[in-house]
Each structure stands twice: as C-alpha cells, then as structure tokens.
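Asker: Fold the stuff below for me.
(chains A and B)
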There are 2 protein chains.
Amino acid sequence: MKFTEQLAGAWQKNNSLLCVGLDPDPAKFPAHLKDQPDAIFRFCAEIADATADLVCAFKPQIAYFAARRAEDQLEALIAHIHEKHPGVPVILDAKRGDIGSTAEQYAIEAFERYQADAVTVNPYMGRDSVEPWLAYADKGVILLCRTSNPGGSDLQFQNVGAGKTALYELVAEKVAKDWNTTGQCALVVGATFPGEIARVREIVGDLPLLVPGIGAQGGDIEATVIAGKTTAGTGLMINSSRAILYAGKGEDFAAAARKVALETRDAINRYR
Amino acid sequence: MKFTEQLAGAWQKNNSLLCVGLDPDPAKFPAHLKDQPDAIFRFCAEIADATADLVCAFKPQIAYFAARRAEDQLEALIAHIHEKHPGVPVILDAKRGDIGSTAEQYAIEAFERYQADAVTVNPYMGRDSVEPWLAYADKGVILLCRTSNPGGSDLQFQNVGAGKTALYELVAEKVAKDWNTTGQCALVVGATFPGEIARVREIVGDLPLLVPGIGAQGGDIEATVIAGKTTAGTGLMINSSRAILYAGKGEDFAAAARKVALETRDAINRYR
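Answerer: From the prediction side, this is the model:
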C-alpha cells in the first residue's frame, strides 16, 4: 500500500496525528534492559507495542542505531512493527541527500534493506537528488523544509528571488508544485515556528507535514495543530520522541510511555 | 594529527591533489571477486594499496556499503588504510545533516565507529547542526556548498539577501567567516562549474575545497585546477571515483586503476 494511504488510514483508525520518534539512547534505558545484547530492539519494540494504537506513524532515527553498530536491530524493529502493527507506517529518519547512483544506493538502504515506508530527505542538492527515491512508487519522501533548531534560520530564512520569499517557502513551493509529480512527497516543518507552519500549509494545500519539536524542544501543541491542520483536520504527523520514550525509568517504562502518548494524542485532538 | 595537517602532508609527500572516491558497486567488480563474501573490502583495499602514494585522500561513500549490509567491511577498509598508509586521510562521504543529540550520534558513527578523519555534511540545517562535528577537534568537516548535479541550482543558485549573492556564496561566506572558528572546515564545490569554484576560492581564502565531478561527470581538469588552486598551488581535493575504480575489468584491475590515477594526478599537476 502507498505510504500516503497508510498514513491516511492510521490517522482515521487510531484517531491520531501523533508520530512516535524512536531515538533509542541506551544511557537512558531502564536498568533491566541496559546489559541485554538486543536492548535497543527490545526497548523500541516494547514502546511500539504499547503505543501502536495511538499513533499515525513511527519514526526511528537511524543515527542512534548506526552509532552503536545496531543496524541489525533496526532491521528487526521495522520488521516487528510491520508484522505486529500492519497499517502503521514506519518513517526512517535519515535526512539523506545525494545524487545519481549514490542516491540509488541510499534508496536501496532505506526501502529494500530496512523496508521503511517513507524516508526523510534533505533538499539542498535539488530535484534530481529526490528522483531516485520517487522511483519507489509506494514510498513516501519527506523533505526538510523549515527545521526546528535555532540554526535552521541560517539558510532557510534567507530571502530569495525578489526578496519576498524565504528559502523554506521556496522549498515548499518547489516540492508541492514541481517535485511532487507522483503524490509521494511530504515536508518537515518544525513546531517551534507556528506562523511558518501556517505559511507552509497555505503554499502546499493538503500535503502531509511531519512536525518535530513539540515536548522536549518546546513547541506548542495548540499553535501547531491550528496552524498546520488541513480542512479535514488531518495532514499532520506531530512527532514526539524523548517525552514519550523516557516517560518512565523502571520496568513499567512502556506503560509510562503509553500514558504520555495517550495524553499527547488527546491534547492534539482537542484542537483538530 | 589534525585532518588539515594530514591533508597538507599528503599534498606535499605524494605531490598530489587527487582524491580517490571509493564507491564500490559489486556489479562492476572483476569476475574473480564477485562471489567473495568480503568482495567490497577486498576491491577497495586493493585499489587503495595500488594508489595510496598518488593521492591526497581517500573518500569512501557510505551508501554503497549500507545498501549491502557491509558496514563491517567499511570499518575494516578504513582501518586498513590507516594501518597501511598512515598520513593519507580518509573522508567519509556521508552528507549527514541533523541537530543536537542526533548530530552527536552521527558524529559517533563517523569519527568513533568508522574512525574517519573527515566527513561530508549538509549545511541546510545551519550552524548548530555543524557544531557536534566540530567538537572532535582533530577531524575535518566538509560542507556541501555548490554541488555538481543539474538540480544543484534549484536551491544553491537562488539569489539571497539583496539579490547579488547566490545561496552557495552565502554558504561559503558563513563557513569561512563564521562557522569555521576552529580551522576544521572545508567545502564541496563541483567541478562542473569552474566559474563558481573561482568565486568560492575568492570568498574563502585558502580553505580546502573537495571537488567532485571530473571524469565520469564531465568536469574539466584544467579549468578546475586553475579556478580552485591556492597561491601555493594546493587547496584542492579533486575527486575521481568511477574512472579509476573501474579502469580495468580483470584480475589486474588495481594496476589499471593505478595507471589512471597516475595519469589523473599528473594531469592535475600540469596546471598547478
């Protein structure tokens, strides 16, 4: 099934715009998991099993696995989510960006090796750096547009062209009107800038937006949802990672994560 | 030793501005290697051993390893180069770009796991996405500036500010004058745009430039060297991958690669 259809199905079935980011940091794991050889897989799989009916997507961040030679655990985790929770798409947060044959290798990594349903991609190298991803017709390609960090403004907030458009607006325009010929694209827009989420929504119509930055990064849920929702009250994948993953420190960490995920989903739903 | 010092040492010792890109595609390997379990490592190590006295750096492209679950072979390859060819820096071409704790994980991946001497990084997320890399004081951080592909112009050639500066020029300025506080930075500028190499050189002084795009991608050696060299006749890492790696198709592939690497190094040196 196409990523966009999976996403629409999960929005509806789970009545949720919440995406749970899987950024596993073993230093923060509960004590009973810390010395297990497959601790990363077990931690993430327990979180996924405890929250799968509350989310529209899961988003594992590949750097946390790669830093610890845990690629095999990432493969196992995505396979586990697909098997146990069909219909919940998995976004591989990798922020890749390269061209030609190299981009093809990255697409093999994300879509064939890891079997991700969508991937995050950096737009700096332009349209032909995106095409090898779009060649996988069922997969989603989520391009960085406006990121939630302070330095995001260094390039993304530069005025371009006649000086009335910021670079992130140009990226939104290009993706929505030019690059997204196959309906596979989405954008990353940080929750720390609700005015800019609204501007992107204005430019891109109903294109899905992945919104990191609520919770630990300080973004406001009400402002994010009001700025970013479509007229149908969907269109968003609002990501929370640390606030959910590390809600509990003991053997009941997954139940604690579920509690925060439920509260976050419901807080989001109040403003849809 | 610092990356920049290693690079300066290799420029001088090997009288070379040539960087050999290690983009191993098993479909193009000689028949005698194809079915070996460690074919990727063996192919790249033989190329490295045959050319190490002719280069200023090696640049493995991580996607070619990750697409084939060959991270262990990439680790072994970089360890092999460090052991057999001390003084020749290894640039991990990964084009990573993320923030905060995620960027820290990517830095662990590149610098601790793989022991790379430098890494390529995407600047789209701004200065704070670069800082976790700079925390490794001996390592090089090579930021994408002007890429050699057609779509490179989509963002990089946009006029910014008062309309007289292209985005790639702004990146060059920011890196040279603001982000490079520790002397660890370099830039990627494609060989397909010699006028823009010259413009970047004008902006950044003696900052090292990694220049992909000669050979298979059509960039001109004479124009590249004249546009990009410093007054000392160095300052460049001119990358060639396919033209060297796949110069021969038989058991003598490494000797064929050496022949092309030698010709390329000498062609570069004619214009220094």
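
Asker: The strand or helix carrying residue A:188 - what's its average pLDDT?
Answerer: According to DSSP states H and E, residue A:188 maps onto strand A:185-189. The average of the pLDDT scores along strand A:185-189 is 98.

Asker: Just checking it against chain B, any contact.
Answerer: No. Judged by Cβ under 8 Å from any Cβ of the partner chain, strand A:185-189 makes no contact with chain B; its nearest approach is 10.1 Å. In short, each C-beta sits where N, CA and C put it, glycine included.

Asker: Can you tell me the closest non-neighbouring residue to the residue of the stretch 151-272 of chain A found nearest chain B?
Answerer: Of all residues in the stretch 151-272 of chain A, the one sitting closest to chain B is residue A:151 (2.7 Å; Cβ to the nearest Cβ). Here the nearest residue to residue A:151 in space, its sequence neighbours aside, is residue B:126; by Cβ to Cβ, 6 or more residues apart in numbering or on different chains that works out to 2.7 Å.

Asker: Could you do residue A:97 as well?
Answerer: Spatial nearest neighbour of residue A:97, excluding adjacent residues (Cβ to Cβ, 6+ apart): residue A:122 at 3.4 Å.

Asker: ok, now residue A:180?
Answerer: residue A:207 (7.1 Å).

Asker: The one you found against residue A:185, yeah?
Answerer: Yes. In this structure residue A:207 lies within contact range of residue A:185 using Cβ atoms under 8 Å: 6.7 Å.

Asker: if you count what's nearby, which of these two comes out ahead?
Answerer: Taking other Cβ atoms under 10 Å in any protein chain shown, residue A:207 and residue A:185 do not tie; residue A:185 has more neighbours (23 against 20).

Asker: Who are the contact partners of the more buried one?
Answerer: For residue A:185, the contacting residues are A:130, A:134, A:140, A:141, A:142, A:143, A:175, A:176, A:179, A:207, by Cβ atoms under 8 Å, 6 or more residues apart in numbering or on different chains.

Asker: Most neighbours among those residues, which one is it?
Answerer: For these, the largest number of neighbours (other Cβ under 10 Å) sits with residue A:140, at 28 neighbours.

Asker: Contact partners for that residue?
Answerer: When contacts are counted by Cβ under 8 Å, 6+ apart, residue A:140 touches A:3, A:4, A:7, A:89, A:91, A:117, A:118, A:119, A:184, A:185, A:186, A:208.

Asker: what bridges to it?
Answerer: Note on residue A:140: beta-bridge partners by DSSP bridges are residue A:118.

Asker: Tell me how far it lies from chain B.
Answerer: 19 Å (Cβ to the nearest Cβ, to the nearest Å).

Asker: element containing the residue nearest to residue A:70 when sequence neighbours are not counted, please.
Answerer: In this structure, residue A:70 finds its nearest non-sequential neighbour in residue A:40, 4.9 Å apart by Cβ to Cβ, 6+ apart. If you go by DSSP H and E, residue A:40 is part of helix A:39-51.

Asker: Check the offset of that helix from the chain's centre.
Answerer: Put simply, helix A:39-51 sits 17 Å off its chain's centre (Cα atoms, centre = their mean, to the nearest Å).

Asker: and what of stretch A:135-152?
Answerer: Per Cα atoms, centre = their mean, the centroid offset for stretch A:135-152 relative to its chain is 8 Å.

Asker: So which of the contacts of residue A:140 wins on neighbours?
Answerer: Counting neighbours by other Cβ under 10 Å, the top entry in these is residue A:118, with 31 neighbours.

Asker: What residues does that one make contact with?
Answerer: A:3, A:57, A:89, A:90, A:91, A:92, A:139, A:140, A:141, A:142, A:186.

Asker: Done for today, thanks.
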